[in-house]
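*Asks:* Please work out how this folds:
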Amino acid sequence: MKKTFGVIGGDRRQAELARLLREDGNTVLTYGLDRWKPGGERSLEEAASADAVILPLPLCKGDGVLNCEEGSAVPTLDLFRRLRHQQRILAGQVRPAQQREAESCGLVLEDYFLREELAVSNAAATAEGAIQVAMERMDAALLGADCLVIGFGRIGKLLSHRLHGLGARVTATARKPEDLAWVRAYGYTPLETGRLEGHLSSFRAVFNTVPSSVLGRPLLAQLPLDCLCVDLASVRGIEPAENVVWARSLPGRLTPRTAAAAIRDAVYYILLEERGDPA
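*Replies:* Numbering: from 1, shown residues only. The predicted structure follows:
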């Protein structure tokens, strides 16, 4: 059954998502995407009236502000007050404060980024993008280079695998003993995330996936001067410096079509499960 979707806010992947939904025969109303869909915008009221409203990943780009292009951004609470409790309302990386705002308006706000298939697809695109960022900024090949991957979650695992495949010598960090055991099992050098002191002098590239402070000035000073640091976390984990690139939201910037297809599929699965239809 075809639906009317409101796609509100976001980046290029949301613009691609609107296109994919429309190609599937759905009616799509957009707001806040005029930078990528010039001339095709509706008013916020029209987009917010759709059967299903899809909000961006991440939902917010500031405290209580919808992730949207400048001039279109609205406070999330103002947006929620325009929506109806009968609508399906989906968003990515929903913060507790926005979940409470939605509940105060009588809304059920579903986080599509909690879908494992979407999280894995996003991690794969992020790992691929991280290597692209590094290769564009390094003056030497990754082949034979000592690379440090901080954090061994989805992104850390996939990034370590890709770096290893390119011939890099990979050291991966984790906090839990079981994760360190997996680092060893994959053939990488294990290192505890909280014990980086004295182990940083040989790395040519450092990739951080941990959304909390892990590399401050004292540790950065232990890296070689030509070491590139790529911070992939949504919250800075590496203190800003000349050799540090904060490369968050890479799927939306580098592979928006692939990222959009993953979001579309997750949305369809959520709607199918709601109806009780077989996948």
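
*Asks:* In contact with the residue nearest the centre of the chain, which residues are there?
*Replies:* By Cα atoms, centre = their mean, the chain has its centre lying nearest to residue 249, at 4.7 Å. Contact analysis of residue 249 by Cβ atoms under 8 Å, 6 or more residues apart in numbering lists 11, 58, 234. From N, CA and C alone the C-beta is placed, and that goes for glycine too.

*Asks:* Which strands and helices lie in contact with the lengthiest helix in the chain?
*Replies:* Looking across the chain with DSSP state H, the single longest helix is helix 116-137. In terms of contacts (3 or more Cβ pairs under 8 Å, 6 or more residues apart in numbering; DSSP states H and E), helix 116-137 is packed against helix 154-165, strand 205-208, strand 228-231, helix 250-254, helix 256-275.

*Asks:* same thing but 7 Å
*Replies:* On a contact count with 3 or more Cβ pairs under 7 Å, 6 or more residues apart in numbering; DSSP states H and E, helix 116-137 meets helix 154-165, strand 228-231, helix 250-254, helix 256-275.

*Asks:* Could you list the buried residues of the helix or strand just after the shortest one?
*Replies:* Elements were assigned by DSSP states H and E; along the chain past strand 228-231, the next helix or strand is strand 244-246. By neighbour count on 16 or more other Cβ atoms under 10 Å, the buried set for strand 244-246 is 244, 245.

*Asks:* hang on, the earlier thing: just the buried positions in the longest helix of the chain, please.
*Replies:* In terms of neighbour count (16+ other Cβ under 10 Å), helix 116-137 has its buried residues at 118-119, 121-131, 133-134.

*Asks:* what's the neighbour count on residue 77?
*Replies:* Residue 77 sits with 16 neighbouring residues when counted by other Cβ atoms under 10 Å.

*Asks:* Quick check, pLDDT for it.
*Replies:* At residue 77, the model reports a pLDDT of 96.
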